[in-house]
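Colleague: give me a model of this one.
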Amino acid sequence: MSGVIRTIATEEGAAAFYKGIQAAMMREASYTSLRIGLYEPMKGITGADQPGAGILSKFLAGALAGGIGSCAGNPFDVLKTRMMANEGADRGIASFAKEIHAANGIGGFYKGIQVNIMRACVLNATKMGCYDVCKTKIKSSGIAKDGIPLQFLSALTAGFFMTCTVSPFDIMRTRLMNQPTEAPIYNGFVDCF
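Modeller: Okay, the predicted model is just below:
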């Protein structure tokens, strides 16, 4: 990682670390707002908010919230990925949006949508479900009571499991979103996998 940081800083300058920041902000405003905001209502739908609810209902609530959020965030994910991979002159988000639309129409903004939805479902099922379960277990074991230590330990554990489960989907999503339109490398997410 230090080699990559050195190379980018030396060859492209510090601004290169912020390529795609406009699209990343728009992605977070859409995807993250929805996935976090929808988790509680989805817990109600799946029964995860009931006393004694199992981990599967919490995982399902997280998966539903993440899947819905990823549908809204996918266009910005495509833009962010393209902007980050750009090695030419620095261009704004509108330039990339016009380029994607000219080459593929509206469908171009939904490249990799299948794997992105699967990724979001796995990520949020693991993250939200594990967080809820860990919080309950840590609290009941007496290791930590309500407050920052409990939230920190729960988030740390959930983050670990989420990273392990979502990494393969991150690789597939990036490869699918960056493949050339005129000569695709993969025939969908199964082929990419």
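Colleague: quick one: the helices in the chain?
Modeller: With helices called from DSSP state H, the chain shows them at 2-11, 21-27, 33-46, 55-85, 93-104, 113-141, 148-178, 189-192.
Colleague: let me know which of these is tucked in deepest.
Modeller: helix 55-85 (a mean of 22; mean count of other Cβ atoms under 10 Å). The way it works is simple: take the backbone N, C-alpha and C, and place the C-beta from them, glycine included.
Colleague: measure how it sits relative to helix 148-178, angle-wise.
Modeller: Between the axis of helix 55-85 and that of helix 148-178 there is an angle of 50 degrees, by axes from the mean of the first three to the mean of the last three Cα atoms, to 10 degrees.
Colleague: give the other helices and strands that helix 55-85 contacts.
Modeller: Helix 55-85 is packed against helix 21-27, helix 33-46, helix 93-104, helix 113-141, helix 148-178, with contacts defined by 3 or more Cβ pairs under 8 Å, 6 or more residues apart in numbering; DSSP states H and E.
Colleague: these: which one's closest to Ile55?
Modeller: helix 113-141 (5.3 Å; Cβ to Cβ).
Colleague: what helices and strands are in contact with the closest one?
Modeller: Counting by 3+ Cβ pairs under 8 Å, 6+ apart, helix 113-141 packs on helix 33-46, helix 55-85, helix 148-178, helix 189-192.
Colleague: if you set the cut-off to 7 Å instead, what comes out?
Modeller: Based on contacts counted as 3 or more Cβ pairs under 7 Å, 6 or more residues apart in numbering; DSSP states H and E, the elements that helix 113-141 packs against are helix 33-46, helix 55-85, helix 148-178.
Colleague: quick one: residues contacting the residue positioned nearest the centre of the chain.
Modeller: The centroid of the chain falls nearest to Ala120 when counting by Cα atoms, centre = their mean (5.5 Å). If a contact means Cβ atoms under 7 Å, 6 or more residues apart in numbering, then Ala120 has Arg35, Gly66, Gly67, Gly69, Ser70 as its contacts.
Colleague: over to Ala97?
Modeller: Residues in contact with Ala97, defined by Cβ under 7 Å, 6+ apart, are Leu79.
Colleague: shouldn't Tyr186 be in contact with Leu176?
Modeller: Yes. Between Tyr186 and Leu176 a contact is recorded at 6.1 Å, counting by Cβ atoms under 7 Å.
Colleague: what is in contact with the two at once?
Modeller: Taking Cβ under 7 Å, 6+ apart as the contact criterion, the common neighbours of Tyr186 and Leu176 are Cys192.
Colleague: contacting residues for the residue nearest to Gly159 when sequence neighbours are not counted?
Modeller: Nearest residue to Gly159, sequence neighbours excluded (Cβ to Cβ, 6 or more residues apart in numbering): Lys127, at 7.2 Å. Under the criterion of Cβ under 7 Å, 6+ apart, the contact partners of Lys127 comprise Gly62, Ala158, Met162.
Colleague: Asp146 - how many residues pack around it?
Modeller: Other residues lying near Asp146 total 9 when counted by other Cβ atoms under 10 Å.
Colleague: what sits up against stretch 3-16?
Modeller: Defining contact as Cβ under 7 Å, 6+ apart, one finds that stretch 3-16 is touched by Phe17.
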